[in-house]
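Participant: take a look and give me a structure for this.
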Amino acid sequence: MPRPDGELSRRSLLLRLPAAALTTAAMTSASAQPPASSLSGSSRAGVPRLPGAVTKPPDWLGAGAPFDVAAYFKAPPDDQNAAPLYLDALFEFGSNVAVCFPEGPPRARREQSVKERTKRYAQIYEMYERDPNAISAREMNAFLATYDEGLAKLERAQQRPRCVFQTGIGVNSLLPHVQDARPAGRVLLWKARRLMEQGNLAGALQQTSRLLRLTRDLRPRAVMITALIALALERMAIKEAFLPLLATRGLKVEHCDALLAMLREHDAKSIDVDSEVLRGEYLVHRSTLRDLVLHQDQLRRDLIAMGIQPGPSLVVSLLTGQGQGKSIAGDRGPEKVPDIDARMAKLTPAELGRQEAMLADYYRRLLGLAGTPYADRLRRVMEPPPESRSADLITRVTMSLVPAMDGIAWSAFVQAGLRNVQGLAAVRRSQIRNGGKMPASLEAATREAGFPKPPVDPYTGGPIRWNVIEGRPVVYCVGADGKDDQGRTEAERPGKGGDVLLRLPEPK
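Facilitator: Alright, predicted model coming up:
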């Protein structure tokens, strides 16, 4: 199962390239991009736009999609959509979004400037990963000052009420804004850390609030990779902002209230990202299926332009050798089906329609799980499609296009972490208000903080829980296994037994 921090499987990278630049080592690079001359996404002077943006449902979608495609493609009015302002802001943090702007000297100058800044970012990142305290306050202040313009632009983007990035929908579409969102999020967290060190907890909360807003704004029209990057930013916020904040000796009741209000707003304004990802992945895989049947030569050219060199078979390149353990040919390896590309290309319109209908039915079943507790949803989502066991090779190819839904497992895991932060903030608030005395229960602490009841455990639909272990409050969700370990056994990642838990840090 991939981690939600950019270390994604090769299969995910192939199916949703903006490519190897989504790995941790190359998150800020512009590797594996098509020639800039063919990718400029700006349709109007001065208005940046993602390359290959699809703004309305393609005619080939027809009426068989498992969701309302007109609503999916609908974007806010230009003066309400934060996306263009975000693209301008993200250009201060990475050069991947350069392709969204018209070619010419202004773009070239900005590209050169951000590449120089990115070199320093990489140095600071490496130092910070080794030892956050190795960077002096003066050095960090000087570095963060180089992003003042970018941070101001992020703030302006977030003054708009809505955000929809109009992306492409095929395997050959680029997501440069997702790549550059990660360093932007990292800079926001470093800024929050410095403000905490200076005793400005309100300012630190403001920066973290902007990070959460960024994660929400990435999610409309998201696909799996986009969701994983947004989840990675939320995980970083838990570890590097929320827990350190709760450990700060200068923390006051009003800071806890502000943190709780921020997290409740994040909960209320977040869309059902899992359903959104399923919609996006359906479009990707429906498009890929059509390309494998109707446009193989163009698909190969597009992948090569993106820095991917497919093997002799496009099908084999997309579906095998990528760490998923799948075989499209049963006991025979797909290398023993040399004519698979030709067999795909010979599908009749009726046969292609049957494959498309099967893909739609599968996604419709998954979308029908929305709103159910994650413990139940995960069991259903992680099961292989029944059609994948078909005797028909073409059917197995079609269902092999469906990815492992690891992102949904991470979504539950991170959502549980954010709910746990709410519980910890309520407990810390109660301690501050009552002279350090431990609250009688989590229910008492959350009620005192203004909650009608404790936050919801996303796995069960019931309340999150707590325990006091060796004098330290532990807030937890029971996890995907449904077993209550009373906060004593920690699930360090999805798929592992134990509770998803957070311990209240000791004040420093």
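
Participant: CA atoms for contacts and neighbours, from now on please.
Facilitator: Noted.

Participant: doesn't residue 502 belong to a strand?
Facilitator: Yes - residue state for residue 502 (DSSP: H, G, I helix; E, B strand; the rest coil) corresponds to a strand.

Participant: wait, it sits on residue 420?
Facilitator: Yes - taking contacts as Cα atoms under 8 Å, residue 502 lies within contact range of residue 420: 6.4 Å.

Participant: which residues do the two both contact?
Facilitator: Here residue 502 and residue 420 share the contacting residues 475, 476, scored by Cα atoms under 8 Å, 6 or more residues apart in numbering.

Participant: who has more neighbours out of the two?
Facilitator: When residue 502 and residue 420 are compared for neighbours, residue 420 comes out ahead with 29 against 25, by other Cα atoms under 10 Å.

Participant: tell me where the stretch 151-300 of the chain has helices.
Facilitator: Secondary structure of the stretch 151-300 of the chain (DSSP state H, counting those that start in this stretch): helices located at 176-197, 201-218, 224-237, 243-246, 253-269, 273-294, 296-305.

Participant: comparing those, which yields the minimum mean pLDDT?
Facilitator: Among the helices of the stretch 151-300 of the chain, helix 296-305 carries the lowest mean pLDDT, at a mean of 90.

Participant: before we move on, what SS does the nearest residue to residue 437 once chain neighbours are set aside have?
Facilitator: Leaving out its chain neighbours, the residue that sits closest to residue 437 by Cα to Cα, 6 or more residues apart in numbering is residue 431, at 5.2 Å. Following three-state DSSP, we place residue 431 in the helix state.

Participant: check contacts around residue 431.
Facilitator: The contact partners of residue 431, taken as Cα under 8 Å, 6+ apart, are 437, 438, 439.

Participant: please indicate which of these are buried?
Facilitator: Members of those that pass the buried threshold by neighbour count (16 or more other Cα atoms under 10 Å) are listed as 438, 439.

Participant: pick the one among the contacts of residue 431 closest to residue 415.
Facilitator: For residue 415, the nearest member of the contacts of residue 431 is residue 439. The distance, counting by Cα to Cα, is 24.3 Å.

Participant: hmm, that closest one is touching residue 430, no?
Facilitator: Yes - under the criterion of Cα under 8 Å, residue 439 is in contact with residue 430, at a separation of 6.3 Å.

Participant: pull the number of nearby residues for residue 315.
Facilitator: Here the count is done by other Cα under 10 Å, and residue 315 has 21 residues near it.

Participant: excluding chain neighbours, give the residue nearest to residue 95 in space.
Facilitator: Ranked by Cα to Cα, 6+ apart and with sequence neighbours excluded, the top spatial neighbour of residue 95 is residue 111, at 5.7 Å.

Participant: spit out the contact partners of residue 80.
Facilitator: 160, 161, 162, 163.

Participant: please report how far the third one lies from residue 499.
Facilitator: Using Cα to Cα, to the nearest Å, one obtains 35 Å as the distance from residue 162 to residue 499.

Participant: try the second one
Facilitator: When Cα to Cα is the yardstick, residue 161 and residue 499 sit 36 Å from each other.

Participant: which one's more surrounded, those two?
Facilitator: Counted by other Cα under 10 Å, residue 161 and residue 499 do not tie: residue 499 has more neighbours, with 26 against 11.

Participant: angles on the backbone of the more buried one, please.
Facilitator: Backbone torsions for residue 499, taken as degrees, to the nearest 10, come to phi -90, psi 150.

Participant: got it, and residue 476?
Facilitator: Main-chain torsions, residue 476, degrees, to the nearest 10: phi -150, psi 160.

Participant: residue 413 falls within a strand, correct?
Facilitator: No - secondary structure assignment places residue 413 outside any strand; it is helix (three-state DSSP).

Participant: got a list of what it touches?
Facilitator: Applying Cα under 8 Å, 6+ apart, one finds that residue 413 lies in contact with 479, 493, 494, 500.

Participant: what's the most distant pair in those residues?
Facilitator: 479 and 493 (10.0 Å).

Participant: and these two? which has more neighbours close in?
Facilitator: Taking other Cα under 10 Å, residue 479 and residue 493 do not tie; residue 479 has more neighbours (29 against 17).

Participant: quick check: the more buried one touching residue 459?
Facilitator: Yes - at 6.0 Å, residue 479 counts as touching residue 459 under the criterion of Cα under 8 Å.
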